[in-house]
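1. show me how the following folds:
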Amino acid sequence: MTDAGLAETLPLRTATAGATSTTITRRGGTPTVTVLVQPDAPRADLLAADGADMAAAAANAHDRRLPLVFEIATAGASAEEGVAALDGWGRAAHAIVACSGIVPIVVVLTGPTTAGVSLLSGLADVVVMTADAYTYVSGPQMVAEFTGVPVGNDELGGAGVHARTSGLAHLVVNDVEEARLAVDDLLSLLPPNNDQEPPRRRTGDPSDRDTVDGPSHLPSSSSGSYDVRDVIADVVDDGDLLELRADWAANLVTALASVDGRPVGVVANQPQTVAGTLDISASQKGGRFVGFCDAFNLPLLTFVDTSGFYPGKDLEWRGMIRYGAQLAFAYARATVPRVSVTLRKSYGGAYIVMDSKHMGNDLALAWPSAEIAVMGAKGAVEILHRRADDTHRQELIEAYEERLLNPYIAAERGSIDKVIDPIDTRREVAAALAVLSTKRERLPRRRHDNLPL
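-> All right, here's what the predicted structure looks like:
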């Protein structure tokens, strides 16, 4: 998306011991505090001085209101220094948490990063991993001792595992240089801190052009599959998306893009994966991303096509209610401009949590193909008319679809602001974001809310 060249740098704390170096460097057009935690000796440990340097770098980023970027490869706290080294990375964690929601925090894992220090990556807003990096809290030897199951570094904590299974890695790249390009790309879409707006981007893509290709991607059958990213690409500038956590919880797309030069956070159900239904991982992914966008003044653009929450005993036992509430909670407390477009299905509880109008959404748009209801026609008829024979049941399904499965009933009740021609989607979204660019909303003063973790 942007030229990733690095400009002049300002070194900090150059005479301290340890393997950590800090500079203020222009990244993605923004001065950024960049910390390299990369010991020269393979699998070298972090000293107490390294923890102090990381803490000082985070404090510098906090005080100067600059993005904070770590490049880390380490085996963890030094066993030789003992508790002093542990206290060092504990101080670093404390300072990093103080930056949360104030400046963007990015961690790049460039090699093996193990033991307690690996938890620092869990504090970041975005984690980038190189293909040969791995990270875990408890290593293969300890896993084998406790479980009796042998496991290798990559199988336990490789980049592929964290991209697909744990959700830790937002982006996986080939090498360090590609990681730096990705970070620069990311920072070009973000403000340097929470007091500023994201920078307006240059684009030759007209804001009033037709959205021609997007509607064609919807299949004729309401149960047919399609890639929602094709629809998104037709709405955003130049079809350019920076998708985060693409391989984890793939039933929900989270990405950064821009519309008429204005950076936005995009959330969309993905019909290609479990029909776009919401499960635990998707709820966590969406909730975290919505909170991230809200923290850094990125308007939210939500594309809705979901038949509800994914059913299952295992999901309910694992806490579907608690995790599903995270997505609802994140949208409900978000104060940035919020625009939603219902493409096709929007049923039940999933309708509510996907930025519905009465959750504080600013503008709810819908295509004529939208189906907004408590549930689909078949499920509703089976509950309401369970004794009907097959012929009568089919008639009832068709009547239900004709009468209720459309966006106009919701529009009459004020739940949808406008039913639009799909060809006008980019125009409508761009116009809405322009009007909402002056939106300012403050939450009641309190220490903090209580996120349903």
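2. what's the domain layout of the protein?
-> 9-187, 214-370+406-436 (automatic domain parsing).
3. how long is the longest one end to end?
-> To tie it back to what came earlier, the one meant is domain 214-370+406-436. Domain 214-370+406-436 has its terminal residues 24 Å apart, counting by C-alpha to C-alpha, to the nearest Å.
4. for Pro407, what are its contacts?
-> Thr342, Ala366, Trp367, Pro368, Ala370, Glu371, Ile372, Ile416, Val419 (C-beta atoms under 8 Å, 6 or more residues apart in numbering). Where C-beta positions appear, they are placed from N, C-alpha and C, glycine not excepted.
5. dump the residues you listed to a markdown table, plus distance to Arg229 and secondary structure.
-> Converted to a markdown table, these look like this (distance: C-beta to C-beta, whole Å; DSSP: H, G, I helix; E, B strand; the rest coil):
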| residue | distance to Arg229 | secondary structure |
| --- | --- | --- |
| Thr342 | 17 | strand |
| Ala366 | 20 | strand |
| Trp367 | 17 | coil |
| Pro368 | 22 | coil |
| Ala370 | 19 | coil |
| Glu371 | 21 | strand |
| Ile372 | 23 | strand |
| Ile416 | 24 | coil |
| Val419 | 24 | strand |
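6. may I see the ChimeraX selection of the buried members of the residues you listed?
-> Paste this into ChimeraX to select the buried members of the contacts of Pro407, with burial taken from 16 or more other C-beta atoms under 10 Å:
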select :342,366,367,370,371,372,416,419
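7. re earlier: so can I have a markdown table of the domains of the chain showing distance to Pro452 and mean pLDDT?
-> Below are the domains of the chain laid out as a markdown table (distance: least, C-beta to C-beta, whole Å; pLDDT from 0 to 100):
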| stretch | distance to Pro452 | mean pLDDT |
| --- | --- | --- |
| domain 9-187 | 18 | 90 |
| domain 214-370+406-436 | 4 | 95 |
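8. tell me the contacts of the spatially closest residue to Gly348 that is not a sequence neighbour?
-> In this structure, Gly348 finds its nearest non-sequential neighbour in Gly308, 4.5 Å apart by C-beta to C-beta, 6 or more residues apart in numbering. Shown in contact with Gly308 (C-beta under 8 Å, 6+ apart): Thr277, Leu278, Tyr347, Gly348, Gly349, Ala350, Met375.
9. near the second one, how many other residues are there?
-> Leu278: 28 surrounding residues under other C-beta atoms under 10 Å.
10. and the gap between it and Gly349?
-> 8 Å (C-beta to C-beta, to the nearest Å).
11. among the contacts of Gly308, which are in helices?
-> Gly348, Gly349, Ala350 (DSSP state H).
12. highest neighbour count among those?
-> Of the ones in helices among the contacts of Gly308, with other C-beta under 10 Å as the count, Ala350 tops at 25 neighbours.
13. show me what contacts that residue?
-> Thr277, Leu278, Thr306, Ser307, Gly308, Phe309.
14. tell me which of the ones in helices among the contacts of Gly308 is nearest to Val117?
-> Ala350 (38.2 Å; C-beta to C-beta).
15. and that closest one, how far is that from Leu156?
-> Distance from Ala350 to Leu156, by C-beta to C-beta: 34 Å.
16. ok, now how distant is Gly276 from Asp305?
-> Applying C-beta to C-beta to Gly276 and Asp305 gives a distance of 5 Å.
17. give the intersection of the neighbour lists for these two.
-> Val228, Asn269, Lys345.
18. which of the residues you listed fall within strands?
-> Among the shared contacts of Gly276 and Asp305, the members found in strands (DSSP state E) are Asn269, Lys345.
19. and the helices in the stretch 351-453 of the chain, which stretches?
-> 377-384, 390-404, 407-412, 425-436 (DSSP state H, counting those that start in this stretch).
20. who's in contact with whichever strand or helix holds Ala55?
-> Element membership for Ala55 (DSSP states H and E) is helix 48-64. Here helix 48-64 makes contact (C-beta under 8 Å, 6+ apart) with 12-13, 16-22, 24, 31, 33, 35, 37, 66-68, 70, 74, 77-78, 81, 84-85, 87-92, 94-96, 98-99, 102-103, 120.
21. thinking again about what came up before, tell me the one of the ones in helices among the contacts of Gly308 nearest Leu242?
-> For these, the nearest to Leu242 is Ala350 (25.3 Å; C-beta to C-beta).
22. and the strands in the stretch 151-300 of the chain?
-> 171-173, 242-244, 252-259, 262-269, 300-306 (DSSP state E, counting those that start in this stretch).
23. can you put those strands in TSV and add mean neighbour count?
-> Putting those into TSV (neighbours: other C-beta atoms under 10 Å) gives the following:
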stretch	mean neighbour count
strand 171-173	22
strand 242-244	20
strand 252-259	25
strand 262-269	26
strand 300-306	26
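24. mind putting those strands into CSV with distance to Thr113?
-> Converted to CSV, the strands of the stretch 151-300 of the chain look like this (distance: least, C-beta to C-beta, whole Å):
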stretch, distance to Thr113
strand 171-173, 14
strand 242-244, 20
strand 252-259, 24
strand 262-269, 27
strand 300-306, 32
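25. to Pro206, which of those strands lies closest?
-> Comparing the strands of the stretch 151-300 of the chain by C-beta to C-beta, strand 252-259 comes nearest, at 11.5 Å.
26. C-alpha coordinates for the closest one, PDB please?
-> What follows is strand 252-259, C-alpha atoms only, in PDB (Å, rounded to 0.1, in the frame of the first residue of the first chain):
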ATOM      1  CA  LEU A 252     -15.200 -13.600  10.000                       C
ATOM      2  CA  VAL A 253     -13.100 -11.300   7.900                       C
ATOM      3  CA  THR A 254     -11.300  -8.400   9.700                       C
ATOM      4  CA  ALA A 255      -9.200  -6.100   7.600                       C
ATOM      5  CA  LEU A 256      -8.000  -2.500   7.200                       C
ATOM      6  CA  ALA A 257      -8.700  -0.500   4.100                       C
ATOM      7  CA  SER A 258      -9.800   3.000   3.000                       C
ATOM      8  CA  VAL A 259     -12.900   4.500   1.400                       C
END
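27. thank you kindly, that will do.
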